[in-house]
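K.L.:
prediction below, plus the sequence it came from.
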Amino acid sequence: MVTSVLRGLVAALLAVLSITASTPAQAAQTLTVAEAVTRLPVDAESRVGYDRDAFRHWNRGDDPSDGCSTRNEVLIAEAVEPPTVGPRCRLTGGRWWSYYNQVGVTAASGLGIDHMVPLAESWDSGAFAWTAQRREAYANDQGAQTSLVAVTARSNRSKADQDPAQWMPPAAAAHCRYIAEWVGTKLRWSMTADETEVAALRDAASDCPGQQVTFELAA
């Protein structure tokens with residue numbers, strides 16, 4: 001009963017935050033990663049009712065006229081060497097850098113597009129209270145370069161739906177960037193974090209004194 005009431009209150013708060021986030025001309029904010037962690041609203045998580053199909057992806061992308069899905073638009077945008085874009089947005093050639101494990105990739109088929117904050121984690125962190133339209137916008141968010149990231153399919157599967165208390169990129173050199181992008185995505189979408197997650201982020205941030213987080217509230 002108490003949990004249901006608390007989740008109801010959180011849902012109401014997140015609805016207000018979503019309206020605030022829809023206000024035009026939101027200015028980008030830049031914080032140290034340690035300060036950004038303190039901005040995360042702390043709340044318990046629950047996966048009750050989660051369904052991956054509640055997040056429509058991949059849709060027709062930011063430019064429906066290009067014939068590419070969000071997945072392929074991200075692959076094109078993040079390529080170190082651009083691929084050739086053929087009919088029906090078929091990608092050939094190109095080269096990518098998977099920063100999670102510091103690996104170069106030369107075939108689009110070897111890449112996964114990772115939601116920086118996984119869909120299930122976003123549900124736990126407030127998306128349960130969003131409209132279907134807002135969940136779709138989140139699942140296809142190209143408004144921030146850090147929301148979706150092309151990485152090896154293997155590292156994407158390894159991460160699955162885990163938060164930084166449970167999983168960090170295999171490459172230690174990627175950790176500071178990763179936690180900055182994680183926190184920035186949660187702030188961008190006004191998501192909560194649980195106590196274990198915040199503790200892990202705080203510990204990781206202590207090793208990244210120069211790391212900054214820049215985010216803009218999602219429309």
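P.N.:
Cool, got the structure.
K.L.:
got the buried residues for stretch 158-167?
P.N.:
Buried residues in stretch 158-167, defined by neighbour count with 16 or more other CB atoms under 10 Å: 159, 161, 163-165, 167. Glycine gets a C-beta too; all of them are placed from N, C-alpha and C.
K.L.:
go on, stretch 62-73?
P.N.:
Going by 16+ other CB under 10 Å, stretch 62-73 has these buried residues: 68-73.
K.L.:
turn the buried residues of stretch 158-167 into TSV, including pLDDT, distance to Tyr100 and secondary structure.
P.N.:
Output for those, formatted as TSV (pLDDT from 0 to 100; distance: CB to CB, whole Å; DSSP: H, G, I helix; E, B strand; the rest coil):
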residue	pLDDT	distance to Tyr100	secondary structure
Lys159	98	8	helix
Asp161	98	15	coil
Asp163	98	15	coil
Pro164	98	12	coil
Ala165	98	17	coil
Trp167	98	10	coil
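K.L.:
out of those, the closest to Ala54 would be?
P.N.:
For the buried residues of stretch 158-167, the closest approach to Ala54 (CB to CB) belongs to Asp161, at 13.7 Å.
K.L.:
who touches the residue nearest the centre of the chain in this structure?
P.N.:
The centre of the chain sits closest to Met116, judged by CA atoms, centre = their mean, with a distance of 2.9 Å. Contact analysis of Met116 by CB atoms under 8 Å, 6 or more residues apart in numbering lists 146-149, 181-182, 185.
K.L.:
how about 6 Å then?
P.N.:
Neighbouring residues of Met116 by CB atoms under 6 Å, 6 or more residues apart in numbering: 146-147, 181-182, 185.
K.L.:
so what does it look like in phi/psi?
P.N.:
In terms of degrees, to the nearest 10, the main-chain angles of Met116 are phi -50, psi -50.
K.L.:
distance of it from Glu45?
P.N.:
Going from Met116 to Glu45 by CB to CB, to the nearest Å gives 17 Å.
K.L.:
what residue ranges in this protein score low on pLDDT?
P.N.:
Within the chain, the stretches with pLDDT under 70 are 1-26.
K.L.:
would you map the strands across it?
P.N.:
29-32, 84-85, 91-92, 96-98, 103-105, 111-115, 148-152, 212-215 (DSSP state E).
K.L.:
identify all contacting residues around stretch 166-180.
P.N.:
33, 99-102, 159, 201, 204, 208, 211, 213.
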